[in-house]
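In: Have a look; sequence and predicted model below, questions after that.
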Amino acid sequence: MLSSLTTRWRAHYSKLPPALQLIGLQLWLPVFFLIMFSFCYLAAFHSPKIHDAPVAVVNSPAASQFTDRFSQASPGMFDFRFVQDQADATEAVRDGSAAAAVTFPTTRSGAPEVTIASAHQFQAAQLMKSTFTTAFSQAGTAPKITDIAPLPSGDSYGLGAMYLMLSWCIGGYMVAMFIGMMGNPLSHLTRVGILAGGALVASVITNVLASLVIGVYDSAHIWQMMGISFLWILAIGLAVNGLAYFFGRFITAIALTMFVFLSIPSSGAAYPVWMVPRIFGDLNPLVVGHGITEMIKRVLYGVGEPYWQPFLLMAGYAVLGVVTMIVGKRWRESKEFDRILAGKTTMMAAAQGAMAEKAMADRERILAQHGLDSESDDDTQGDDDATGSRDDGGVAASSDRGPSRDRVAAGSRQSHYSIVDLESDFGGDPMLGGNGLGRSGTGGSLATDELEHQVREMINRRRVVDASTNGHSSNGTAHH
């Protein structure tokens, strides 16, 4: 039943204008974007609330009384974690495992101390500062606020790490996405080489602009930042490159989901994870956004997770990319082989083929309007070397492949190119991204090698059928 409906739908859809078919087959992307934006960004950020915010408290009788009263007054708001001394509490704030640390005085004349780190999470630090200042003020005392990592003037709200992380993620997945869509014939070594080159360019551009031009961070850290950005962009690129073998042109959706839609709200860069829905907090240790921002903060401000944790996450994505790259290439070739044997094609390939045929028809129509014959050219008449030997009727006997490569290389172009001509003389179908004489001129490129392959397979199958039909007709005529 489903197969029958699909067949009928494809038959109906194939009757639409080719350009309309191509547009319709790409409209899934804006729909996907709207849905994911709503579920990931609106759902995460529309109403942030504190829940189970981790706070380190130096253990003492006064601390126990304070945390008990606070927990009763605001249940579920804080997750108080007792530590032995102030050094442990401060280290918890420094590595980000605690949003703040509270130390109670040992004498009656002393004041409680609240330790924060603005450079680790600006919103978290401000919330902890205001919340505990209000709470202690109601008890008749003013706490001492200690900020162990204040933000510099160039990044006064602490958003630099988030936007640097976002630029590295986008740079990494976009390069790999285009390689995955267009680079099927390329070897693994070539693809990885392009990824590494793209990572180098992206790391230089983003860090030079962020440091030397915009002033987000001090230039003393630029070489460290270039190094970690190169590694992160390469790791992301490897992951997307490997997954592209399995998802084809839909790798855009996978990459956006992994490295943008889920990564931003789960990273803790925009809001701390204890202010967004719990599902994003659960994803926090797994998303690259978390690892990148923690490493940036450790390099620039000396806060955040120890280096080994982000490096471990980075290695995980790189290994994922290498494994899926090796397995995926074989899997994709096997699937493509089965599809060719079954004589199947995709709706996108069919639409591309229809678009190519319409382009040829439009070309003939335009030439005819200007009084030109698409089947002949005055410049080529009489040139037996270029057009092949002619029989007694004046018909080219060996011109079934159109203009020769030698004539194209010499700069002679006839006014019309058949699909056979395009295959032999062009670097790519112009409707699939080609823009001229690919091998001998300006160089054409294909929107996707997969689509080119599918279109050409469809055309070849049509030729085989036509040849077979003509052969049977000839045999039948001869028999009669």
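Out: Received the coordinates, thanks.
In: Can you tell me what sits against stretch 197-211?
Out: If you take CB atoms under 8 Å, 6 or more residues apart in numbering as the criterion, stretch 197-211 is touched by 160, 164, 167-168, 171-172, 175, 216-219, 221-222, 225-227, 229-231, 233-234, 237. Every C-beta, even on glycine, is put in place using the N, C-alpha and C of the backbone.
In: measure the spatially most central residue of the chain to L238 for me?
Out: By CA atoms, centre = their mean, the chain has its centre lying nearest to Y173, at 3.4 Å. Y173 is 11 Å from L238, where distance means CB to CB, to the nearest Å.
In: ok so, going back, are any of the contacts of stretch 197-211 buried, and which?
Out: With neighbours counted using 16 or more other CB atoms under 10 Å, the contacts of stretch 197-211 contain these buried positions: 160, 164, 167-168, 171-172, 175, 216-217, 222, 225-226, 229-231, 233-234, 237.
In: Can you get me a residue count around Q138?
Out: In terms of burial, Q138 registers 8 neighbours under the definition other CB atoms under 10 Å.
In: now do G268
Out: When neighbours are counted by other CB under 10 Å, G268 comes out with 26.
In: can you give me the strands for this protein?
Out: With DSSP state E applied, the chain shows strands at 53-58, 78-83, 100-103, 113-116, 144-147, listed in chain order.
In: In stretch 21-31, which residues are buried?
Out: Counting neighbours by 16+ other CB under 10 Å, one finds that the buried residues in stretch 21-31 are Q21, L22, L25.
In: Inside helices: which ones of those residues?
Out: Secondary structure assignment (DSSP state H) places Q21, L22, L25 from the buried residues of stretch 21-31 within helices.
In: wait, the second one sits on A351?
Out: Yes. Using CB atoms under 8 Å, L22 and A351 qualify as a contacting pair, with a distance of 5.1 Å.
In: coming back round to it: could you look over the strands of the chain and pick the most buried one?
Out: Most buried of those by mean neighbour count (mean count of other CB atoms under 10 Å) is strand 100-103; its value is a mean of 26.
In: Show me what that one pairs with in its sheet, parallel or antiparallel.
Out: strand 53-58 (parallel), strand 113-116 (antiparallel) (DSSP bridges).
In: Could you point out which residue ranges in the stretch 351-480 of the chain have low pLDDT?
Out: 373-480 (pLDDT under 70).
In: can you list contacts of stretch 30-48?
Out: Residues from elsewhere that reach stretch 30-48, judged by CB under 8 Å, 6+ apart: 253, 256-257, 261-262, 264-265, 270-271, 275-277, 280.
In: As CSV, those with pLDDT, neighbour count and distance to A98 would be great.
Out: Formatted as CSV, the contacts of stretch 30-48 follow (pLDDT from 0 to 100; neighbours: other CB atoms under 10 Å; distance: CB to CB, whole Å):
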residue, pLDDT, neighbour count, distance to A98
A253, 93, 16, 37
L256, 93, 22, 33
T257, 94, 14, 31
F261, 94, 21, 28
L262, 94, 22, 25
I264, 93, 23, 23
P265, 94, 27, 21
A270, 90, 21, 20
Y271, 91, 19, 17
M275, 93, 23, 15
V276, 93, 22, 18
P277, 93, 16, 21
F280, 94, 23, 19
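In: which one of those is nearest L300?
Out: Within the set of these, A270 lies nearest L300; the separation is 17.8 Å, counting by CB to CB.
In: how about that closest one, phi and psi?
Out: phi -80, psi -50 (degrees, to the nearest 10).
In: Return the distance of it relative to G193.
Out: Taken as CB to CB, the span from A270 to G193 is 35 Å.
In: all helices of the stretch 51-200 of the chain, in order?
Out: Under the criterion DSSP state H, counting those that start in this stretch, helices of the stretch 51-200 of the chain are mapped to 61-73, 86-94, 122-138, 160-182, 188-207.
In: winner for burial among those?
Out: Of all the helices of the stretch 51-200 of the chain, helix 160-182 carries the top mean neighbour count, a mean of 23, counting by mean count of other CB under 10 Å.
In: Show me what that helix packs onto, helices and strands only.
Out: Applying 3 or more CB pairs under 8 Å, 6 or more residues apart in numbering; DSSP states H and E, we find helix 160-182 packed against helix 188-207, helix 222-247, helix 251-256, helix 263-267, helix 288-301.
In: tell me the pLDDT at A244?
Out: The confidence metric pLDDT takes the value 92 at A244.
In: coming back round to it: now, which of the buried residues of stretch 21-31 sits nearest N284?
Out: Each of the buried residues of stretch 21-31 was scored against N284 by CB to CB, and L25 proved nearest at 35.9 Å.
In: OK, contacts around the closest one?
Out: Neighbouring residues of L25 by CB under 8 Å, 6+ apart: M347, M348, A351.
In: I figured Q86 hits V58, correct?
Out: Yes. With contact taken as CB under 8 Å, Q86 and V58 are classed as touching, separated by 5.5 Å.
In: Return every residue with contacts to both of the two.
Out: Both Q86 and V58 are in contact with A101, T103, where contact means CB under 8 Å, 6+ apart.
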